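Colleague: sequence? don't have it. structure:
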């Protein structure tokens, strides 16, 4: 095969990979392949890349994890944790079913102003500290902090998390109201580039002000997840209405959350005026300008689709985010880095994931074309390797078909009530 070195942005031709025990044992033009029982697969010059990461998803159904895997996304970071996600992590670890690796945040911590029933309202620093300690004990992988927290509550969250070495990801690269940008230093990531436009730029298209603010942000050495795909989705809803909806695989979406998203977000954009749709198009274009500037100034970018919001399907939304980053002007090799090694580094698992190297976990995607020249090749994987398990075209198709049968409305309602009761009783 041709191995893609995502860090260097180069292709190493004529390589053999020996996989054993779920890891890459060796790579080279010649490797020991005489062991009894070895399965030989001739990739005929295909391209091998690390498994992709989607660093911002909302998992409403475990079938989503199969669909992400079928698209070559071998790891996802769920950004609104519920008790069911902790169970799914245990089940995946024990091999009860097949899906992408699951990193999950805690329930979202938010202030009173804009919070809804799916988020945990916290208004006192003492309560914030209690919740951080609880979510750490429960086994969540990080805290998700929303942008409308009281400044003293946010400080309590980050101070307690730092004491526990418990990562925090924050909604919005802009600071909490009343705090300096410096208070975002050291967070695992900052989510949603549109918050730069809405926050420090005050809905202004002032490019000079944007460049200056990005320079201040860069000083923090942050990782930013742009989530261009979710804004693109609302642009399409507002412009093309039901014609766009008719193109979406709605049968892969969990029925409960599909109904909730329809009522609380999708309807708004389907009912938007032509003037609003034109404004959305203008904003989307400027968000790409912001992303290009983040890349130009060397800010670490992550691929995160916000899949699961509105009608955004798992898997294909990740590939849409990749496409939009490229459309913004981010070179292909840096887009691949955002989807692989950058994510693994931010998560602290780069020794095991994010590159095709001997010793790392064998989470791989096999492509017919060179993604450094054509990122569209990501949409047509020849095969996916999950911890050494080879999944060919037929097996990937079976995963996609299975995803068309998510949990029913009542089972999903039970899981949601479990979350509401768990949070209400603590």
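Modeller: That came through fine. Computed from a predicted model, the values in this text were never measured in an experiment.
Colleague: could you use CA atoms for every contact and neighbour count after this?
Modeller: Will do.
Colleague: other SSEs contacting the helix or strand containing residue 161?
Modeller: Using DSSP states H and E, residue 161 maps to helix 151-164. Secondary-structure packing of helix 151-164 (3 or more CA pairs under 8 Å, 6 or more residues apart in numbering; DSSP states H and E): helix 125-138.
Colleague: run the chain-centre distance for whichever helix or strand comes after the helix it packs on.
Modeller: Where DSSP H and E defines the elements, the next helix or strand beyond helix 125-138 is strand 143-145. Mean-position distance between strand 143-145 and its chain equals 15 Å (CA atoms, centre = their mean, to the nearest Å).
Colleague: what's in contact with strand 143-145?
Modeller: 79-80, 105-110, 132, 135, 154, 161, 166-171 (CA atoms under 8 Å, 6 or more residues apart in numbering).
Colleague: off-centre distance for the helix holding residue 161?
Modeller: With CA atoms, centre = their mean, you get 24 Å for helix 151-164.
Colleague: buried stuff in stretch 191-202?
Modeller: Across stretch 191-202, burial judged by 16 or more other CA atoms under 10 Å covers 191-197, 199, 201.
Colleague: of those residues, which is the nearest to residue 27?
Modeller: residue 191 (35.9 Å; CA to CA).
Colleague: what is the burial count for residue 406?
Modeller: Residue 406 has 18 neighbours, counted by other CA atoms under 10 Å.
Colleague: wait, what's in contact with it?
Modeller: If you count contacts by CA under 8 Å, 6+ apart, then residue 406 has 61-63, 252-255 around it.
Colleague: circling back to that earlier point, tell me which of the buried residues of stretch 191-202 fall in helices.
Modeller: The members of the buried residues of stretch 191-202 that map onto helices under DSSP state H are 194-197.
Colleague: between these, which sits nearest residue 266?
Modeller: residue 194 (18.2 Å).
Colleague: that closest one contacts residue 286, correct?
Modeller: No: using CA atoms under 8 Å, residue 194 is not in contact with residue 286; the gap is 9.2 Å.
Colleague: what score does residue 35 have for pLDDT?
Modeller: Per-residue pLDDT puts residue 35 at 69.
Colleague: what's near enough to touch residue 324?
Modeller: 228-229, 288.
Colleague: distance of it from residue 222?
Modeller: According to CA to CA, to the nearest Å, residue 324 stands 21 Å off from residue 222.
Colleague: ditto for residue 293
Modeller: Counting by CA to CA, the gap from residue 293 to residue 222 is 14 Å.
Colleague: now do residue 337
Modeller: Distance from residue 337 to residue 222, by CA to CA: 15 Å.
Colleague: so residue 178 lies in a strand, does it not?
Modeller: No: under DSSP: H, G, I helix; E, B strand; the rest coil, residue 178 falls outside any strand and is assigned coil.
Colleague: just the terminal-to-terminal distance for stretch 7-17.
Modeller: First-to-last distance for stretch 7-17 - CA to CA - comes to 18 Å.
Colleague: pull out the buried positions in that stretch.
Modeller: Residues 7, 11, 15-17 are the ones in stretch 7-17 that count as buried (16+ other CA under 10 Å).
Colleague: didn't residue 151 look like it was pressed against residue 181?
Modeller: No: assessed by CA under 8 Å, residue 151 is found out of contact with residue 181, at 12.0 Å.
Colleague: and residue 50, how far is that from residue 350?
Modeller: 11 Å.
Colleague: quickly find the element holding residue 419.
Modeller: Judged by DSSP H and E, residue 419 forms part of helix 409-424.
Colleague: quick one: mean pLDDT over that helix.
Modeller: Here the average pLDDT along helix 409-424 is 93.
Colleague: can you give me the end-to-end distance of stretch 393-412?
Modeller: Terminal residues of stretch 393-412 lie 30 Å apart, using CA to CA.
Colleague: tell me which residues in it are buried?
Modeller: Quick answer for stretch 393-412 (16+ other CA under 10 Å): 396, 399-400, 403-404, 406-407, 412.
Colleague: could you do stretch 275-287 as well?
Modeller: Buried, per 16+ other CA under 10 Å, within stretch 275-287: 277, 280-281, 283-284, 286-287.
Colleague: next one: it to chain centre, how far?
Modeller: Distance, centroid of stretch 275-287 to centroid of chain: 24 Å (CA atoms, centre = their mean).
Colleague: helix or strand next in line after the longest helix anywhere in the chain, which one?
Modeller: Counting by DSSP H, the longest helix found in the chain is helix 274-296. Sequence order places strand 300-301 as the next helix or strand after helix 274-296, per DSSP H and E.
Colleague: can you list contacts of that next one?
Modeller: 221-226, 294-295, 338, 342.
Colleague: ok, 7 Å please
Modeller: By CA atoms under 7 Å, 6 or more residues apart in numbering, the residues outside strand 300-301 that reach it are 222-225, 338.
Colleague: and for stretch 147-159?
Modeller: Residues contacting stretch 147-159 (CA under 7 Å, 6+ apart): 110-111, 123-125, 128-129, 132, 170-172, 176-179.
Colleague: rerun at 8 Å
Modeller: 109-114, 122-126, 128-129, 132, 145, 168, 170-172, 175-179.
Colleague: repeat that for stretch 89-107.
Modeller: Residues contacting stretch 89-107 (CA under 8 Å, 6+ apart): 63, 65-69, 73-82, 85-86, 88, 118-120, 135, 140-144, 386.
Colleague: if we use 6 Å, what do you get?
Modeller: 65-66, 69, 74-81, 140-144 (CA atoms under 6 Å, 6 or more residues apart in numbering).
Colleague: buried ones in that stretch?
Modeller: 89, 92, 98-107.
Colleague: among these, which ones are in strands?
Modeller: Mapping these onto strands (DSSP state E) picks out 101-104.
Colleague: between the residues you listed, which is closest to residue 392?
Modeller: Using CA to CA, these come closest to residue 392 at residue 101, 18.6 Å.
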